[in-house]
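fold the following, please.
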Amino acid sequence: MFIHCYHYGMEILWPKPGKYIVAVSGGVDSVVLLHRLAVRSSQFAVLPTDRLVRNNLESTNDQPNNEKSMKGEKRKIKNRYELIVAHVDHGWRTDSSDDERFVRELAQKYKLNYVSTKLTLPKKSEAAARAGRWEFLHDLRVKHDATAIITAHHADDIAETILINLQRGTGRSGLTSLKETLHIKRPLLNVTKNQIYEYCVAHNIEFVEDSTNKDNTYTRNAIRAKLGRAQNTSKKLQKIYSRMLTINAEIDELLGGIEKAVSDKQGARINVDRQAFSSLDQKIQHELLRFLVLRLNSDAELNTEQITRGADSINASLPSKITELGSRIELKHQKQISSIVRISTPRMEVLK
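Numbering: from 1, shown residues only. Below is the predicted model of the structure:
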């Protein structure tokens, strides 16, 4: 269930009430998101400037004009959200501890629970950092029995992510990887970066600027810089994203029918009937394997080469052989069955 909230020109897609892990880096996007969530949660008082909330649950015609009506508004939104602020220090920058301290103090200000981690990665890899970050967030969600993880991805991120995933060769799923899932919510997907900055200025909100954001050796930064000079391209990609959501949903429905015929999900693994899989057309094999991997790990990003290697291994690998695909996924082969399994992640030091 989503609540469409128009606030300072921002269309926010609120998830239903519940317990959530909120990913906060300290940057402007996540800090603005946390401010909006904190205002609506039971742990933070309603701000006078935040009374102008418009959605299908709260009236916009009658603004409170006395203390009694304001108390009524507070009761109305009380206990909407229970928030746990989560911060990841990738350990790449000498000043990254400053970001951690900023987010921790922000959580204390809002009287929210806070957990952070510092990744210990084998090398300076964007993919490894992303894998470690998401593993930490998903583990927190399970540990705290939270409804979902909330991230601050916004409308401008859609175009960037499409181009990044096309470059990686992640296939059709990469065109809509920012879509919401059962355990990942993105309330700001209809909000632009400019709107986030406007909200930040209007509320005098402080945030930190990652010193690596200007470094174009990072893929996302380089693409962001190019998109900044081609706004029409960004808008067209956002339209493609909307169309692909519908198309991918239809394809996934068809794959769901095939899945029942060739595989069986058992806990943290999916067993694939090798003979039934081998009987499928090669393109369908590839789409089905990607579909099954995403069933295990909705954040997995396998490129075309990895998917091809995985499908080939199901078709031809000897029993007892293990094929590592990436994104913490491996295939364990037996004579009649190949099992898709999640594997361990980068070592992390958890801080509280």
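
tell me the contacts of residue 25?
Shown in contact with residue 25 (Cβ atoms under 8 Å, 6 or more residues apart in numbering): 87, 88, 99, 103, 152, 210. Every C-beta, even on glycine, is put in place using the N, C-alpha and C of the backbone.

neighbours of the first one, how many?
Which is residue 87. Other residues lying near residue 87 total 25 when counted by other Cβ atoms under 10 Å.

partner strands of the helix or strand where it lies, parallel or antiparallel?
Using DSSP states H and E, residue 87 falls within strand 81-89. Using DSSP bridges, the strands paired with strand 81-89 are strand 18-23 (parallel), strand 113-119 (parallel).

now the strands for the stretch 101-250 of the chain?
Counting by DSSP state E, counting those that start in this stretch, the stretch 101-250 of the chain has strands at residues 113-119, 148-150, 184-185.

quick check: what element follows the helix ranked longest in the chain along the chain?
Longest helix of the chain, by residue count under DSSP state H: helix 231-262. Next in sequence after helix 231-262, counting helices and strands by DSSP H and E, comes strand 263-266.

SS state for the closest residue to residue 331 other than its chain neighbours?
Nearest residue to residue 331, sequence neighbours excluded (Cβ to Cβ, 6 or more residues apart in numbering): residue 323, at 4.2 Å. Secondary structure, DSSP: H, G, I helix; E, B strand; the rest coil: residue 323 is strand.

okay, and for the protein, where does confidence drop off?
Regions of the chain meeting the criterion pLDDT under 70 cover residues 1-9, 42-79, 123, 164-171, 173-177, 211-238, 241, 344-352.

assumed residue 332 was part of a helix.
No. Residue 332 is assigned strand when assessed by three-state DSSP, not a helix.

show me what it is bridged to.
residue 322, residue 339.

count of neighbours near it?
Neighbour number of residue 332 under other Cβ under 10 Å is 17.

residues contacting it?
322, 338, 339, 341.

cool, and residue 98?
Going by Cβ under 8 Å, 6+ apart, residue 98 touches residue 208.

now the helices for the protein?
Using DSSP H, helices in the chain cover 28-40, 67-77, 96-109, 126-143, 155-168, 193-202, 219-228, 231-262, 274-278, 282-296, 304-316.

and the longest helix of the chain, what does it pack onto?
Packing partners of helix 231-262 (3 or more Cβ pairs under 8 Å, 6 or more residues apart in numbering; DSSP states H and E): helix 155-168, helix 274-278, helix 282-296.

turn those helices into a markdown table, columns for mean neighbour count and distance to residue 181.
Listed next are the helices and strands packed on helix 231-262 as a markdown table, based on neighbours: other Cβ atoms under 10 Å; distance: least, Cβ to Cβ, whole Å:
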| stretch | mean neighbour count | distance to residue 181 |
| --- | --- | --- |
| helix 155-168 | 20 | 15 |
| helix 274-278 | 16 | 25 |
| helix 282-296 | 19 | 9 |
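
distance to residue 135 added to these, as JSON lines?
Shown next, in JSON lines, are those (distance: least, Cβ to Cβ, whole Å):
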{"stretch": "helix 155-168", "distance to residue 135": "19"}
{"stretch": "helix 274-278", "distance to residue 135": "28"}
{"stretch": "helix 282-296", "distance to residue 135": "13"}
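
circling back to that earlier point, select from the contacts of residue 332 the one having the most neighbours.
Going by other Cβ under 10 Å, residue 338 tops the contacts of residue 332 with 27 neighbours.

and the gap between it and residue 255?
17 Å (Cβ to Cβ, to the nearest Å).

kindly report the same for residue 130.
Distance from residue 130 to residue 255, by Cβ to Cβ: 25 Å.

and for residue 194?
Distance, residue 194 to residue 255, by Cβ to Cβ: 38 Å.

of the two, who's got more company?
residue 255 (17 against 11).

nearest residue to that one in space, please, no chain neighbours.
residue 291 (4.5 Å).

the one you found: what's it in contact with?
Per Cβ under 8 Å, 6+ apart, neighbours of residue 291: 252, 255, 256, 259.

re earlier: for the residue nearest to residue 331, what are its contacts?
Residue 323 sits next to 309, 310, 313, 317, 330, 331, 333 when contact means Cβ under 8 Å, 6+ apart.

most neighbours of all these, which one?
Within the contacts of residue 323, most neighbours by other Cβ under 10 Å means residue 310, with 27 neighbours.

and for residue 207, the neighbour number?
Counted with other Cβ under 10 Å, residue 207 comes out at 22.

state the distance from it to residue 296.
35 Å.

next one: residue 148
17 Å.

next one: residue 91
From residue 91 to residue 296 the distance is 27 Å (Cβ to Cβ).

equivalent analysis for residue 319, please.
22 Å.

over to residue 185?
With Cβ to Cβ as the criterion, residue 185 and residue 296 are 20 Å apart.

what's the answer for residue 278, then?
Here residue 278 is placed at a distance of 21 Å from residue 296 (Cβ to Cβ).

what's the domain layout of this protein?
3-238, 261-342 (automatic domain parsing).

tell me the span between the first and last residue of the last one.
Right, the one you point to is domain 261-342. 22 Å (Cα to Cα, to the nearest Å).

next, count neighbours for the residue lying closest to residue 172 once chain neighbours are set aside.
Leaving out its chain neighbours, the residue that sits closest to residue 172 by Cβ to Cβ, 6+ apart is residue 248, at 6.0 Å. Residue 248 is flanked by 16 other residues according to other Cβ under 10 Å.
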